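**Student:** Sharing a sequence plus its predicted fold:
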Amino acid sequence: MNRLKQNNTPFLYTSILYFCGFFLFLEWLYPVKDITDTSSLTIFIIYAFFCFFISLFQLKWWITFLIKGFGLLFIIQGLFLDYSFMSRLWFEYIFMEIAFNVEALFTQSWYQLTPAFRSVLFLLLIWLMSYLLHYWFVVMKRIFLFVILTFVYLAILDTFTIYGAEMSIIRTFIISFIALGIANFMKEIDRESIRFTWIKRTPIWIIPLISIVLFSSLIGFAAPKFDPQWPDPVPFLKSTAENAGSSNSGSAVQKVGYGEDDTRLGGSFVQDYSPVFQAAVTDEHYWRIESKDVYTGKGWELSAEPDYVEQKDGTISLYDYDPEVVETTRHEAMIEFQGNTAIEKLIYPYGIKQVYAAQADYYLDGFSQAIQSRMDGEAVSLYSYTMSYDNPSFEINKLREQMGYEQSDFLERYTQLPESLPERVGQLAEEITASFDTTYEKARAIEGYFGRNGFTYQTTDVAVPDENEDYVDQFLFDTKVGYCDNYSTSMVVMLRSLDIPARWVKGFTSGEKIADDVSDTGDSFDVYEVTNSNAHSWVEVYFPEVGWVPFEPTQGFDNLSDFHTDVEENASAEQDDILEETPEMDEPEPPELPEDEEEAETAMAANDTDSTNFKWWHGLIAAVILAIAALLIYKTRFRWKTYLLLKKFNTNQDAKTYQDVYHHLMKVLNHYGFAKEPDQTLREFAKRVDDRFETNEMGQLTSHLELILYKSEMNDVKAKELTQLWKDLINRIMA
């Protein structure tokens, strides 16, 4: 029934109302670029316009599905896929993406979802909203709830994020009032059954509405306004959350933040959102302070006392990676500490080369890679400083080439483990990496293990190991609950049990962006605020020809280091995430061939491999085709039933067949929202239908039904007439 309500409404008003909904929806999209890592929204806005434009014309559902689906595939192909469209490799990649991301969804490892899959979900959401907004705005004309939700959404983002919603609120106000006015006007048209055939210039009716809304908005924008009457609620909310966390029971509750004593890890902590420093950078990354190399079973220590060496003229001689092998990009970063924060060690990015700060000297400890600032020989905390650094980009193919290590003091130092470490920790590491050969693959396998095996990131109710318990063993096998220290320490220990050099690193995550495109001497920077809650620990793994490479095992955190693949060297290395690879089952060895057949076998090897690998697709394609066919049959059931009944009535024009035809007509009306009320007679119902469709076809069909029920017979002339009436009415309903 709802579809029929649009018939009296001019298409112009329907279009304007629907695109008001589109522009309101854009206000939901604009903040995504500022509050997420989405680099550009242009393609998503174009797809949104595409979906709304297609929905406006209300094509048949399967045509709409094909058009929007093709648009989605076109975008994904252009953004993420380098294979030929619909080729075997294309299908294999798509299937691998689906399998990996479905597994991540089931294990609630949201941070492991790939960019391609997240983009598909976002595009599907846009697709869904184009349908829902058409239903709310055009069919039901109930738009007030969406308007309110839009204002609430913008207010929350303006309050709690860096997104400035001032102009968004103004645009939303103008669009909303125009949409509300048109929706109310359209309701009156339907309610009073107003016909517009006699009106030559329908747009004239909307001009007063738009004029009043624009004039009111201009007055409101230009008029003087009061200053904010309420204090900023964000500090209050954060302090409330902090106090709520501090009420957690247990004696081992700490406050999050950077600390130097890591000899006994574990226990709960409460968040501390007080700012530590602000950083102006051109690229988001982690901030390093130091590393530790001795695992005691309870925490971390250094294998030697700090030995600080002066760094002349602020030039830092820290070589974590080989600059001849690792690609780098020169950047600058400026740090300014907030409040009374005092950290005597420099907070620096990977690849630090030079520090600029007046009257300060810098000393580097080679054991921990900590950099200390001093004045007149005394350690001091700097208020601000600027650094230049070479941000590294690690080539995945080069990392995959690393297979083993030579025995040395270096290897012994970074594979150290306490004798008390339970054997099952090493056994678990071997089980996780059994299918992989290279150091990189093993490291990635352990890095992703936690996200697929029931581990939970949590800062409260975190256990502290007893005297006879190992910190890592307790986390891996007993609690499976913890925060960054648990995850990073466990990964380092498991790697060391495989004789892979690894170390534990401390510092801060990138923080929250509070400003972007800040210009300074011609360069553009983003400003991040880093708080105590951003204190973090992660893992570095040593590769002989590359150096130390960071890894991020903690659930909910992303490795911000840059990795790239040289496609020309190895095309298969495009899949840089080893977690997406599934170990292949051992295949039986082929029988030995006579020498004269070996050449032919070699020539056919590639084709045989492709055929074997592709067989499993046959079943999948068949299942998809059957599912689509079943869906099409179900969705079009009224159309093909109508066709079958029409053929039956043409060949067998008797009373019983006519009753079947009439009952089918009632089902079609009911399906399209025009059900017969229980207390209505057939004549009353027929009159309602005829009034809606402005015809008398239903009344004639009902009158003939009553005659047939009494006489139980039909003549050929009436049968042909009734067939045409029935077809015309069915077509009107399904139009």
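**Tutor:** Cool, got the structure. Residues are numbered from 1 along each chain as shown.

**Student:** what sits up against the strand or helix carrying Glu430?
**Tutor:** Following DSSP states H and E, one finds Glu430 within helix 423-433. For helix 423-433, contacts defined as C-beta atoms under 8 Å, 6 or more residues apart in numbering pick out 441-442, 445-446, 449, 470, 472-473, 476-477, 493-495, 497-498. Where you see a C-beta, it was placed from the backbone N, CA and C, and this is true even at glycine.

**Student:** again, 7 Å this time
**Tutor:** The contact list for helix 423-433 (C-beta atoms under 7 Å, 6 or more residues apart in numbering) reads 442, 445-446, 449, 472-473, 476-477, 493-494, 497-498.

**Student:** what are the ranges of the helices in the stretch 251-400 of the chain?
**Tutor:** Remark: helices assigned in the stretch 251-400 of the chain by DSSP state H, counting those that start in this stretch are 396-400.

**Student:** I meant to write the stretch 1-150 of the chain there.
**Tutor:** With DSSP H, counting those that start in this stretch as the criterion, the stretch 1-150 of the chain has helices spanning 11-29, 32-35, 42-56, 61-80, 88-106, 115-134, 144-160.

**Student:** what's the closest of those to Ala502?
**Tutor:** Of all the helices of the stretch 1-150 of the chain, helix 88-106 sits nearest to Ala502, with 24.7 Å by C-beta to C-beta.

**Student:** Buried ones in the closest one, by neighbour count?
**Tutor:** By neighbour count on 16 or more other C-beta atoms under 10 Å, the buried set for helix 88-106 is 93-94, 97, 100-101, 104.

**Student:** got JSON lines for these, with pLDDT and distance to Trp110 too?
**Tutor:** Formatted as JSON lines, the buried residues of helix 88-106 follow (pLDDT from 0 to 100; distance: C-beta to C-beta, whole Å):
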{"residue": "Tyr93", "pLDDT": "84", "distance to Trp110": "22"}
{"residue": "Ile94", "pLDDT": "87", "distance to Trp110": "21"}
{"residue": "Glu97", "pLDDT": "86", "distance to Trp110": "16"}
{"residue": "Phe100", "pLDDT": "85", "distance to Trp110": "13"}
{"residue": "Asn101", "pLDDT": "85", "distance to Trp110": "10"}
{"residue": "Ala104", "pLDDT": "79", "distance to Trp110": "7"}
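
**Student:** With distance to Ala630 as new columns, can these be given to me in TSV?
**Tutor:** Formatted as TSV, those follow (distance: C-beta to C-beta, whole Å):
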residue	distance to Ala630
Tyr93	27
Ile94	22
Glu97	25
Phe100	28
Asn101	25
Ala104	29
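
**Student:** Tell me the one of those nearest Val309?
**Tutor:** Ala104 (45.1 Å).

**Student:** Name all residues that make contact with that closest one.
**Tutor:** Ala104 touches 112-113, counting by C-beta under 7 Å, 6+ apart.

**Student:** per the record, what domains does the chain have?
**Tutor:** Per automatic domain parsing, the structural domains of the chain span 2-222, 274-564, 637-734.

**Student:** Lowest mean pLDDT across the ones you listed, which one is that?
**Tutor:** Lowest mean pLDDT within the domains of the chain: domain 637-734, at a mean of 73.

**Student:** Which element, helix or strand, includes Met186?
**Tutor:** Secondary structure (DSSP H and E) places Met186 in helix 166-192.
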